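Novice: my questions concern the predicted model and sequence given below.
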Amino acid sequence: MRQSQLFTKTRKDAPKDEVSKNAELLIRAGYIHKEMAGVYSFLPLGLRVLNNIVEIIREEMNALGGQEISMTALQNKEVWEKSGRWSDDVLDVWFKTELKNKTEIGLGTTHEEPLTAIMQGFIKSYRDLPKYAYQFQTKFRNETRAKSGIMRAREFLMKDLYSFSRTQEQHDEFYQKAKESYIRIFKTVGLGEKTFFTYASGGSFSKYSHEFQTECFAGEDLVYVDEKSKVAINKEVLNEEVLKDVGFSRNDLVEKKTVEVGNIFNLGTRFSEAFGLNFLDENGEKRPVIMGSYGIGPGRLMGTIVEVFADDKGLVWPKNVAPFKLHLISLAGEDEKVRGEADALYEKLAIAGIESLYDDRDARAGEKFADADLIGIPWRAVISAKTIEKGIIELKNRATGEVSEITTDDLIKKLK
RNA sequence: CGGAGUGUGGUGUAACGGCUAACAUUCCUGUUUUGGGAACAGGCGACUCCGGGUUCGAAUCCCGGCACUCCGACCA
């Protein structure tokens, strides 16, 4: 994409009402726009990053056998009354409103209830199980305190996967696969080293649920990490019994501040019993479906990536989530020859399938470099009179600052 | 929800109760520049968050809202 066509611009100063690193940098670089506290719009660059994250997750969900759906944000009160979660005393983050005829409706905070209700129409026999459905959908939660930019928002995208199994064994097997899938997702987005599989409070149907906690200064959780296994225990549940279950010694654990980037948990028959989601087994006996739910917030994940990698010059994106593979900068000025060479390289990259952000603006070098640092694309290539004379392209790594000289062919090979 | 703080051009800041609300940046015009946010000149852009009050006079003081940020509680 030609940067001269991008409608967003960078800013030197962040708005004073943003303190969190992720929101400051994402706003300064033009990735997001704040609508109100905890509510952000995604602009072209921001949406590209968000979509990259979504696509990484989608591939894993499909590989797990997940079938993608899209449920509604508007929620039917009667459905939620079946599980007892319509009441604000039970679920206090509801946004509720009403239709013209006074019928109460809610904005979806999560989707166990409506999906269980849908599945009631399709799951009848043990032959129908297991089944897995997931979606990327906007959740609305009336948080008493939105904070930390896009890390804790009131309106946010969430990937929620739900599993429907015949038996506890079948559920456990999938749960294990989902866990491995999650580990791959966090590795692919670049957070593998800093993300820990974590034992957390399990609720009413199992002893534990499991969270994926990423070490991050802006985090809200405290976990105790066993460095050898990279497995952690959330402070909320740390006690002698848990240590014994997990097989850790208190002395080996290191306290870390973390942000919860994903969680998976066993729902048991909490919802299937409430909705009568039963199936007939081989013996013709009616049994409730065993359910599980598995969440990741792509927006929060994006914020976490910013918090973990950004430096004093700006954003630093891992390659798999970056809005573009390459930031191509032409220092052409009035020089038609340089402009021509840069245009040609941009076209050549595009033909080779390498998407680049091409800074073809009529701006000075310093401004372009500063913007490139702020925008944080992993590789920066410079074309100028100097590089043309030498017959090379200057390539700089955003994360390490390392500069090298490279030919066009090698550049294409490297970024492929 | 409890506590604290802050609201002034798009953005960041300034202004003792007293001239036409100042400066920087962004943006527009022009000239000169062109490898780390250039220089000069000119210009656009504000009901000082909203509503009351005090006063000869309010961005400034008082009251009430609202918004935002931070700390805490909460976080299926």
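Specialist: Happy to help now that I have it. Numbering: from 1, shown residues only, chains lettered A, B, ... in the order given.
Novice: any idea what A:Val224 is bridged to?
Specialist: That one is not Val; residue A:224 is Tyr. A:Ile233, A:Glu255 (DSSP bridges).
Novice: that one contacts A:Glu236, doesn't it?
Specialist: No - assessed by Cβ atoms under 8 Å, A:Tyr224 is found out of contact with A:Glu236, at 10.8 Å. C-betas here are computed from N, CA, C, even on glycine.
Novice: the two: which is more packed in?
Specialist: Just comparing A:Tyr224 and A:Glu236: by other Cβ atoms under 10 Å the higher neighbour count belongs to A:Tyr224, 22 against 12.
Novice: and the gap between that one and RNA strand B?
Specialist: 17 Å (Cβ to the nearest atom of the strand, to the nearest Å).
Novice: compute the distance between the most centrally placed residue in chain A and RNA strand B, please.
Specialist: Central residue of chain A (Cα atoms, centre = their mean): A:Pro298, 2.1 Å from the mean position. According to Cβ to the nearest atom of the strand, A:Pro298 and RNA strand B sit 14 Å apart.
Novice: return the residues in contact with the nearest residue to that residue once chain neighbours are set aside.
Specialist: Nearest non-adjacent residue to A:Pro298, counting by Cβ to Cβ, 6 or more residues apart in numbering: A:Ile53, 4.5 Å away. By Cβ atoms under 8 Å, 6 or more residues apart in numbering, A:Ile53 lies in contact with A:189, A:298, A:301-302, A:321.
Novice: turn those residues into a markdown table, including pLDDT and secondary structure.
Specialist: Below are those laid out as a markdown table (pLDDT from 0 to 100; DSSP: H, G, I helix; E, B strand; the rest coil):
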| residue | pLDDT | secondary structure |
| --- | --- | --- |
| A:Val189 | 98 | coil |
| A:Pro298 | 97 | helix |
| A:Leu301 | 97 | helix |
| A:Met302 | 97 | helix |
| A:Val321 | 98 | coil |
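Novice: compare these and tell me which has the most neighbours.
Specialist: Neighbour-wise, these (other Cβ under 10 Å) top out at A:Leu301, 31 neighbours.
Novice: what about that residue, distance to RNA strand B?
Specialist: Taken as Cβ to the nearest atom of the strand, the span from A:Leu301 to RNA strand B is 14 Å.
Novice: contacts only, for that residue.
Specialist: A:53, A:189, A:191, A:261-262.
Novice: 7 Å - rerun?
Specialist: The contact partners of A:Leu301, taken as Cβ atoms under 7 Å, 6 or more residues apart in numbering, are A:53, A:189, A:261.
Novice: assumed the first one was part of a helix.
Specialist: I take that to be A:Ile53. Yes - applying DSSP: H, G, I helix; E, B strand; the rest coil, one finds A:Ile53 inside a helix.
Novice: how much space separates it from A:Asn251?
Specialist: Distance from A:Ile53 to A:Asn251, counting by Cβ to Cβ, to the nearest Å: 37 Å.
Novice: ok, and the closest non-adjacent residue to A:Lys131?
Specialist: A:Phe164 (4.7 Å).
Novice: likewise for A:Glu405?
Specialist: With Cβ to Cβ, 6+ apart, the residue lying closest to A:Glu405 is A:Ile392, at 4.2 Å.
Novice: A:Asp226 too?
Specialist: Leaving out its chain neighbours, the residue that sits closest to A:Asp226 by Cβ to Cβ, 6+ apart is A:Phe248, at 5.0 Å.
Novice: break down the stretch 251-400 of chain A into its helices, ranges please.
Specialist: When assigned using DSSP state H, counting those that start in this stretch, the helices of the stretch 251-400 of chain A occupy the ranges A:270-275, A:298-309, A:336-351, A:365-375, A:385-390.
Novice: go on, the stretch 51-200 of chain A?
Specialist: Going by DSSP H, counting those that start in this stretch, the stretch 51-200 of chain A shows helices at A:77-83, A:112-119, A:168-188.
Novice: and the shortest one, what does it pack against?
Specialist: Judged by 3 or more Cβ pairs under 7 Å, 6 or more residues apart in numbering; DSSP states H and E, helix A:77-83 is in contact with strand A:104-107, helix A:112-119, helix A:270-275.
Novice: averaged pLDDT, the helix or strand hosting A:Ile27. What do you get?
Specialist: A:Ile27 is part of helix A:21-28, with elements assigned from DSSP states H and E. For helix A:21-28, the mean pLDDT works out to 94.
Novice: next helix or strand past it?
Specialist: Downstream of helix A:21-28, the next assigned helix or strand under DSSP H and E is strand A:32-36.
Novice: pull that next one out as PDB, backbone CA atoms only.
Specialist: What follows is strand A:32-36, C-alpha atoms only, in PDB (Å, rounded to 0.1, in the frame of the first residue of the first chain):
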ATOM      1  CA  ILE A  32      -6.800   2.800  16.500                       C
ATOM      2  CA  HIS A  33      -9.100   5.600  17.500                       C
ATOM      3  CA  LYS A  34     -10.700   5.900  20.900                       C
ATOM      4  CA  GLU A  35     -14.400   6.400  20.900                       C
ATOM      5  CA  MET A  36     -14.900   6.400  24.600                       C
END
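Novice: so for that strand, mean pLDDT?
Specialist: 93.
Novice: try stretch A:213-225
Specialist: Mean predicted confidence for stretch A:213-225 is 93.
Novice: please apply the same query to stretch A:99-108.
Specialist: Mean predicted confidence for stretch A:99-108 is 94.
Novice: need the CA coordinates for it. CSV is fine.
Specialist: Taking C-alpha atoms only, stretch A:99-108 is exported to CSV below (Å, rounded to 0.1, in the frame of the first residue of the first chain):
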residue,chain,number,x,y,z
LEU,A,99,-37.3,-3.0,22.2
LYS,A,100,-40.0,-0.4,21.4
ASN,A,101,-42.6,-2.8,22.8
LYS,A,102,-40.6,-2.9,26.1
THR,A,103,-39.2,-6.4,25.6
GLU,A,104,-35.9,-6.6,27.4
ILE,A,105,-32.9,-7.6,25.5
GLY,A,106,-29.2,-7.8,26.3
LEU,A,107,-25.9,-7.3,24.5
GLY,A,108,-24.0,-10.6,24.4
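Novice: ok, residues contacting it?
Specialist: Residues contacting stretch A:99-108 (Cβ under 7 Å, 6+ apart): A:72-77, A:80, A:94-98, A:139-140.
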